[in-house]
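> next input, structure requested:
(chains A, B, C and D)
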Protein chains: 4
Amino acid sequence: MAGSSFGTLFRFTSWGESHGPAIGCVVDGTPSRIALSEADIQVWMDKRRPGQSRFVTQRQEPDTVKILSGVFEGVTTGTPIALHIDNVDQRSRDYGDIKDQFRPSHADYTYFKKYGVRDYRGGGRQSARETAVRVAAGAIARKILGDGVTIRGAVIQIGTEKIDRATWDWDATADNPFWCPDRQAVQRWEGYLDDVRKRGSSCGAVIEVVASGVPVGLGEPVYDKLDADLAKALMSINAVKGVEIGDGFATAAMSGEQNADEMRMKDGHPTFLSNHAGGILGGISTGQDIVCRLAVKPTSSILSTVRSVDRFGNDVELRTKGRHDPCVGIRATPVAEAMIACVLADHLLRHRAQCG
Amino acid sequence: MAGSSFGTLFRFTSWGESHGPAIGCVVDGTPSRIALSEADIQVWMDKRRPGQSRFVTQRQEPDTVKILSGVFEGVTTGTPIALHIDNVDQRSRDYGDIKDQFRPSHADYTYFKKYGVRDYRGGGRQSARETAVRVAAGAIARKILGDGVTIRGAVIQIGTEKIDRATWDWDATADNPFWCPDRQAVQRWEGYLDDVRKRGSSCGAVIEVVASGVPVGLGEPVYDKLDADLAKALMSINAVKGVEIGDGFATAAMSGEQNADEMRMKDGHPTFLSNHAGGILGGISTGQDIVCRLAVKPTSSILSTVRSVDRFGNDVELRTKGRHDPCVGIRATPVAEAMIACVLADHLLRHRAQCG
Amino acid sequence: MAGSSFGTLFRFTSWGESHGPAIGCVVDGTPSRIALSEADIQVWMDKRRPGQSRFVTQRQEPDTVKILSGVFEGVTTGTPIALHIDNVDQRSRDYGDIKDQFRPSHADYTYFKKYGVRDYRGGGRQSARETAVRVAAGAIARKILGDGVTIRGAVIQIGTEKIDRATWDWDATADNPFWCPDRQAVQRWEGYLDDVRKRGSSCGAVIEVVASGVPVGLGEPVYDKLDADLAKALMSINAVKGVEIGDGFATAAMSGEQNADEMRMKDGHPTFLSNHAGGILGGISTGQDIVCRLAVKPTSSILSTVRSVDRFGNDVELRTKGRHDPCVGIRATPVAEAMIACVLADHLLRHRAQCG
Amino acid sequence: MAGSSFGTLFRFTSWGESHGPAIGCVVDGTPSRIALSEADIQVWMDKRRPGQSRFVTQRQEPDTVKILSGVFEGVTTGTPIALHIDNVDQRSRDYGDIKDQFRPSHADYTYFKKYGVRDYRGGGRQSARETAVRVAAGAIARKILGDGVTIRGAVIQIGTEKIDRATWDWDATADNPFWCPDRQAVQRWEGYLDDVRKRGSSCGAVIEVVASGVPVGLGEPVYDKLDADLAKALMSINAVKGVEIGDGFATAAMSGEQNADEMRMKDGHPTFLSNHAGGILGGISTGQDIVCRLAVKPTSSILSTVRSVDRFGNDVELRTKGRHDPCVGIRATPVAEAMIACVLADHLLRHRAQCG
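Alright, predicted model coming up:
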């Protein structure tokens, strides 16, 4: 109830601060007899890991995941799975200056007002470091969903730079440091982001995630609609300011005729002739691709001097030191994928309970 | 867990189908000794009530709310409050035709696939009729928040028609059937929507809701962030396809400098010099206005003939009879306000528990 | 979170006061396509109904249950089921005297201290009238469990009178007003209870409930063990002060050898040679009979004058008017059965989700 | 939902198996700015620690607790507190024999039937080793409750040996290995238990726990009554088969007059003249001592050969090796205290939310 747990039947509870000894989570609700190893999780951790290109934070964290419980002789036992990730590259000295100051657009002010105390080192609990455990939990969620479900994310806008959807190629996302699905845009984006980085500035991004192979029927009307839970999952990621399902905000300008996803029988199965809905109707999955988009605001830590106040009520000018991502949207991509996996796994179990 | 409850400490559980005898909800968690009468709720119901202009459904429902428990001698007792609304203008005969057919973009197909059975009369549980109880629960939430908190919604786009923010006037929203805050746009919108209506078509909308007077500190990091819960609340409303907080998707194209909400002391209090964040940082309210936007897709029921399938696996052509709103976005406005009130009341109680 | 909901996946949320217009509940999580009618529920209501013998309260309530949602054409639809019971025999005038006084052993004092206000008419929300909705919800739970599961309760002690287990006959429970399974004890109990009643006194009781046919595997280690949830369910019933599973408190004096339920293969199936455990090991059902006992304290309302205080801080002497049961344990029997049904149905769905 | 979390607002989620690398829990919901150190927790761990007398298991576990998050500069920050306890004295070789056999009265059979797989080493998740984390969480709960609340447990029966209540002395519980409050019984109990131990047998126990200084008003009617949650908490402890509040099962034989806790004003405050209710009326604390009793069955592991079956469907005779407590009731005492502390802390926060 204090906000550190996510999900209902597939549920993870996380803990840890940016500069504490470790971070981790407990994953409860995983069905038994699923093959699971640390390597199964590590592959997804490596995708989010910092320090892998000049476009992300230079903090060096191997993000090695240890499984401390819930797996015996290579399979899950149905009991809670504890995941543990040591923090190894804290540099808390970088943060002494902001001990009593509130960095604009960070959560320093709100944490302090809410709790009357805060761990200021690297942002403490508000740091995006927390998102590592989401990726770890997401790896287990993917195991529950099975190989038939594919969840893939791409960055479709970075600052003012967009992609050309006509040349979308999922394979391309693995070949560049931006998860960009448009090979022709990569070089342009590199130049753009190098410029942002060198100026000590930052930029936002838009991410699109598509889940394919999701069975029809997931989602619980009327308040735990699948899209409602996806919106919560994505909006809970640091720096996210907007979420769309299917055609999203564009539907406002559409007519009922344009927006209708008509149906026809094909090979004996009902099929949709379009997917404006993004794979969800009435809060329940249709069996089509589930399409989500999220907007990530520019990294709040910038090298420019900004105006703020301190906890003693003084006006101050401050400049954020420490290491950070020029565009946090990049590393948010595997996090968004993971959260969608968690929501789908949760709703799969919920569906089994009532309708299985 | 089956999706009919919303909230945690301030929590309502709803029930009822479009063409059943009644709809209602149980509101649990209301603090005791709050003055509450049926009239306090009715005023908000009347704002959402159908049949009030030619731009909304012609179904005539007085939506009279009865309080069946939890209030004694004019004040809440701390026990659950049961709210009951009779359905009086069902015309189930209108729906016999679609008993076995799936209306495109409605949830007929997904409900049937999920449950193996469905109440087809007026959409049953998937109908927007359900949203009446959200407004009733929201009225109680407003009482918990108190007079210091104001939650107001406006339609800022209807189909392809937008407003001019320079002439925004909150008072204007009460003077036209669209909750339009721009008086100069009203006549233009009337013409636009009359055209849509006469063609038997429909259009979408964008709604903006602003909550003022919200105290700093509401929201539970990291998964129950205030914006995450708002996103879920809004995305759970029928036909909503997108949600933004503060500058939303526009932040993707902004720099860290542009997006920063700098601070200065003013009259002895920390104040923000801008509100790109929409009143929430790190998932916790800042004390500034909370600004949300939501996109509502065009009403799925249109008079055009569309292609679909039936439950027996046949291709069909169908045309939706029954009464419906040419733009459901209009009546979604008081619903969105109510859901935001519920989220805020819930987080106020959660804040009290841990930090009070 | 304010305590008006019970269960997780099979969950009911109740409302209503003793002397309000009605009481009821919303049952969420019922699987779809289960045949359900009001008559299916009424049969259990009638078992608990007041006014049926001189040994229970003379309040005349038909306890007619109306289903307002969630059932269509005779089967459940998977959407919430609203159950509504009108109160028809309130006599609030009986309670004016205790408006400002706290009846000993009732919850008048604690409700007033907790909430600062109370509906004193017939005890308001603290009244055992609330238990009627538990029986209604339990009827739906039984439908989920199916015909293979039988849940039967018996009163095995009433005041100082006990039964002889050697002559236990389940059929006998239907033939006397005490749910007594020992025909030889009935006449003795009648005399005993007539004496209690005529003196305006009251007595307690011990109830035993046995659930047969429960599949092996229900229960969620380690905090939601099946026995833990049963204990909560039974202890939540008005006036209950003790709960036992299997041999209960008697196990304290047993040796490990005496308490062991040994196993042997029989007809190809593992079977237990005894059932000291009461059908639950490690919080998970074994497939044997689940055996629970609960102690019900004597009715707090008695005709003797007792010492108390009023809300203004004065010493008072009071005598409880109104109608009441000389032994509330009698009518608690169908309530206990119903609560056990609800716990089992909930755990059946939970088991399906993770292990199904 | 899979049972590894306890509590609602003060909530801990635990993980770990008897012979895994470690056990631990995440405690969420602790208010900020509470002084907390590892030493504050360790003092309670040491009370439950194995290997401290010949009457408990000889497994040597220091049970050193590490705080990995949620505490900064000596105070809680309001974020989740991760507690970590390494397992250091596993001897898994002791358990190879029972890999495929079901030990009677243990949960081997039910875990295997539920999950299709089990970690048989030392009982895996079903082991009482798990209760160490309850004690750790309970230490934090006590900090929330503050110094005004005292929670003390005593063993009042061990096998067939009971205490004389007339010579009850709380201080005595710290002076003997049984938490026995009757100094005159200690030597007799030593002889009794030595005999049990030498025969390789085991015995049960009854524990009484009293919480003093609990404020009036805690508990949420009607399903989350304080006594209902206490019953669940206590019944969830390994080997517990019965729970009583106040006079418990004895109330069945009492009259309403005998059971009434009359009230009188004293020094300007309402006071009770007796405490048959055990400090709870209508599920809400009265401000009097909260009195709970629990029955613990004899340790299931005994040296006698018993009849059972194996997973392949064969009859077997087995004898449990490994180290175990001749009377698990002894070490259950600090666990019961801790669970009661957790329930009270949870309800204190819940009360603050709605009524604070």
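> lowest average confidence across helices and strands of chain A, where is it?
Using mean pLDDT, DSSP states H and E, helix A:38-48 stands out as the lowest-scoring helix or strand of chain A, at a mean of 93.
> who does that one touch, helix- and strand-wise?
Here helix A:38-48 touches strand A:65-67, helix A:131-145, helix A:328-355, going by 3 or more Cβ pairs under 8 Å, 6 or more residues apart in numbering or on different chains; DSSP states H and E. The way it works is simple: take the backbone N, C-alpha and C, and place the C-beta from them, glycine included.
> save the ones you listed as JSON lines, and put in mean neighbour count, mean pLDDT and distance to chain B too.
Below are the helices and strands packed on helix A:38-48 laid out as JSON lines (neighbours: other Cβ atoms under 10 Å in any protein chain shown; pLDDT from 0 to 100; distance: least, Cβ to the nearest Cβ, whole Å):
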{"stretch": "strand A:65-67", "mean neighbour count": "19", "mean pLDDT": "98", "distance to chain B": "19"}
{"stretch": "helix A:131-145", "mean neighbour count": "26", "mean pLDDT": "98", "distance to chain B": "9"}
{"stretch": "helix A:328-355", "mean neighbour count": "26", "mean pLDDT": "96", "distance to chain B": "6"}
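> dump those into TSV; add distance to residue C:317 as well.
Shown next, in TSV, are those (distance: least, Cβ to Cβ, whole Å):
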stretch	distance to residue C:317
strand A:65-67	66
helix A:131-145	62
helix A:328-355	54
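> and residue C:251, which of those is closest to it?
Taking Cβ to Cβ, helix A:328-355 is the member of the helices and strands packed on helix A:38-48 nearest to residue C:251, at 33.5 Å.
> quick one: that closest one near chain C?
Yes - under the criterion of Cβ under 8 Å from any Cβ of the partner chain, chain C is reached by helix A:328-355 at A:349, A:350, A:352, A:353, A:354, A:355.
> the one residue in the stretch 151-300 of chain A that gets nearest to chain B and chain D: what is the separation?
Across the stretch 151-300 of chain A, no residue is closer to chain B than residue A:282, which sits at 2.2 Å (Cβ to the nearest Cβ). Distance of residue A:282 to chain D, given as Cβ to the nearest Cβ, to the nearest Å: 24 Å.
> wait, that residue touches residue B:105, no?
No - between residue A:282 and residue B:105 there is no contact under Cβ atoms under 8 Å: 9.6 Å.
> pLDDT value on the residue of the stretch 51-200 of chain A found nearest chain C, please?
Closest residue of the stretch 51-200 of chain A to chain C, Cβ to the nearest Cβ: residue A:78 (6.5 Å). Note on residue A:78: pLDDT of 97.
> close to chain C: what parts of chain A are there?
Counting by Cβ under 8 Å from any Cβ, chain A sits next to chain C at A:1, A:9, A:29-32, A:78-79, A:221, A:349-350, A:352-356.
> now, which of those sits nearest residue B:191?
residue A:221 (36.2 Å).
> check the offset of stretch A:210-226 from the chain's centre.
When distances are taken as Cα atoms, centre = their mean, to the nearest Å, stretch A:210-226 is centred 18 Å away from the chain's centroid.
> end to end, how far does it reach?
14 Å (Cα to Cα, to the nearest Å).
> may I see the buried residues of it?
Neighbour-count burial for stretch A:210-226, counted by 16 or more other Cβ atoms under 10 Å in any protein chain shown, picks out A:210-211, A:214-226.
> residue boundaries of the strands in the stretch 1-150 of chain A?
Along the stretch 1-150 of chain A, counting by DSSP state E, counting those that start in this stretch, strands occupy A:5-6, A:11-16, A:22-28, A:65-67, A:71-72, A:75-76, A:81-86, A:150-158.
> packing partners for the last one?
Spelled out, that is strand A:150-158. Using 3+ Cβ pairs under 8 Å, 6+ apart, strand A:150-158 is in contact with helix A:183-198, strand A:205-212, helix A:328-355.
> between the ones you listed, which one is closest to chain D.
helix A:328-355 (8.5 Å).
> now whichever residue of the stretch 251-356 of chain A sits closest to chain C, nearest residue through space, not along the chain?
Residue nearest to chain C within the stretch 251-356 of chain A: residue A:353 (3.7 Å; Cβ to the nearest Cβ). Once flanking residues are discounted, residue A:353 sits nearest to residue C:353: 3.7 Å by Cβ to Cβ, 6 or more residues apart in numbering or on different chains.
> please tell me how far that neighbour sits from residue A:28.
As judged by Cβ to Cβ, to the nearest Å, residue C:353 and residue A:28 stand 12 Å apart.
> shared neighbours of these two, anything?
residue D:1 (Cβ atoms under 8 Å, 6 or more residues apart in numbering or on different chains).
> can you verify my assumption that residue A:216 contacts residue B:111?
No - assessed by Cβ under 8 Å, residue A:216 is found out of contact with residue B:111, at 10.7 Å.
> what sits in contact with each of these two?
With Cβ under 8 Å, 6+ apart as the test, residue A:216 and residue B:111 both reach residue A:284.
> tell me the contacts of the residue lying closest to residue A:16 once chain neighbours are set aside?
Among residues not flanking residue A:16 along the chain, residue A:23 sits closest, at 2.8 Å (Cβ to Cβ, 6+ apart). For residue A:23, the contact set (Cβ under 8 Å, 6+ apart) comprises A:14, A:15, A:16, A:17, A:85, A:87, A:129, A:130, A:132, A:133, D:69.
> just among these, which is most surrounded?
When neighbours are counted by other Cβ atoms under 10 Å in any protein chain shown, residue A:14 leads the contacts of residue A:23 with 31 neighbours.
> quick one: the residue nearest to it when sequence neighbours are not counted and residue A:343, what's the gap?
With sequence-adjacent residues excluded and distances taken as Cβ to Cβ, 6+ apart, residue A:14 is closest to residue A:25, at 4.0 Å. Distance from residue A:25 to residue A:343, counting by Cβ to Cβ: 16 Å.
> residues of stretch A:108-126 that come out buried?
Buried-residue list, stretch A:108-126, by 16+ other Cβ under 10 Å: A:108-115, A:117-126.
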